[in-house]
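*Asks:* How does the following fold in three dimensions:
(one chain, ligands or ions: 1)
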Amino acid sequence: MKIRNINISYFKNLNDANEYAFELFRRELDTLKEKNFCLATGSTPVDLYKLFVKSFNEKQTTWKNITSFNLDEYIGLEPNNKFSFRYFMDSNLFNYIDIQKENINFLSGTSNPEQEIVRYEKEMDKAGPFDITLLGVGKNGHIAFNEPGTPRESKTHIIDLTDSTIKANEIYFDNPNDMPRQGITMGIDSIISRSKKIILIAFGESKREALEALISNKVNMNYPITYLLEHNDVEVITDIKL
Ligand code: F6R
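*Replies:* Next comes the predicted model:
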């Protein structure tokens, strides 16, 4: 299915869906040129990251020319906190590939927020456009931590997490009450204007409402995923039959 410049590919089988997403990245990992990726955390990309690691172990791909930026982080969590997004990336991907540590860029959830926002936007400016941005989507249509109501022109910012996001993510914490109530996230504009190509993976029926908002073909700030309608190269990979 195609809506504006969004290509939506349906896969019955999640392995096939992940293989398809992997193939889109592999083309970029194949070249010796420097590439810049923007990456997501969450349960959705875990199996895709396993494919990255497998391919690296089989010497098919290298990350030595890759710079990475992650979309978001919880406020108040140190990078070595096992519930932080940085810890998630280290333990699902970065520790098992040859990306150079100095090429990994992450938002800090514990630094002075104003300074951190300026620092991250500057680092992104310096690195240039993202060759590929990988996104997941929240049940409520959020992308990164841009919750419903986030304006189109938003840059990196601090956000109060919605009840829907808290409910979806608190299950990963030993004690659900320990889940931070705020995040620091790239904004909508940081993502839309910096990304050459966006790949969004959405698995499971809980993401149906968000995808239905997208295919309704109307930009609606209550479903931040619909801002992708303004981008010129988006691949949505899903197991939801729309
Ligand atoms: C995480 C992120 C979030 C997730 C979304 C879906 O870095 O940016 O927008 O992609 O909350 O999370 P999962 O994959 O756990 O359903």
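*Asks:* mind checking pLDDT for the nearest residue to Lys207 once chain neighbours are set aside?
*Replies:* In space, and not counting its chain neighbours, Lys207 is closest to Val137: 5.7 Å by C-beta to C-beta, 6 or more residues apart in numbering. The way it works is simple: take the backbone N, C-alpha and C, and place the C-beta from them, glycine included. Looking at Val137, its pLDDT reads 98.
*Asks:* Double-check Phe25 against Thr133; I have them as touching.
*Replies:* No. The criterion here is C-beta atoms under 8 Å, and Phe25 misses it with Thr133 at 11.1 Å.
*Asks:* Could you list the residues of the chain in contact with the ligand?
*Replies:* 40-44, 71-72, 85, 136-138, 142-144 (C-beta under 6 Å from any ligand atom).
*Asks:* ok, so of those residues, who is nearest Glu212?
*Replies:* Glu212 lies nearest to Val137 out of the residues of the chain next to the ligand, by C-beta to C-beta, at 11.6 Å.
*Asks:* residue contacts, that closest one?
*Replies:* Ile143, Leu200, Ala202, Lys207, Ala210, Leu211, Ile225 (C-beta atoms under 8 Å, 6 or more residues apart in numbering).
*Asks:* State the helix or strand in which Ser68 lies.
*Replies:* strand 66-70 (DSSP states H and E).
*Asks:* After that strand, which helix or strand is next? Please name it.
*Replies:* Following strand 66-70 toward the C-terminus (DSSP H and E): strand 72-74.
*Asks:* Tell me which helix or strand comes right after that next one.
*Replies:* helix 85-92.
*Asks:* related to what we said a few turns ago, keep only those of the residues of the chain next to the ligand that are in strands.
*Replies:* Mapping the residues of the chain next to the ligand onto strands (DSSP state E) picks out Asp72.
*Asks:* Any of the residues of the chain next to the ligand buried? List them.
*Replies:* 40-42, 44, 71-72, 85, 136-138, 142-144 (16 or more other C-beta atoms under 10 Å).
*Asks:* so can I have a markdown table of the residues of the chain next to the ligand showing distance to Asp30?
*Replies:* Shown next, in a markdown table, are the residues of the chain next to the ligand (distance: C-beta to C-beta, whole Å):
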| residue | distance to Asp30 |
| --- | --- |
| Ala40 | 22 |
| Thr41 | 25 |
| Gly42 | 26 |
| Ser43 | 28 |
| Thr44 | 24 |
| Leu71 | 24 |
| Asp72 | 28 |
| Phe85 | 27 |
| Gly136 | 24 |
| Val137 | 28 |
| Gly138 | 32 |
| His142 | 32 |
| Ile143 | 27 |
| Ala144 | 27 |
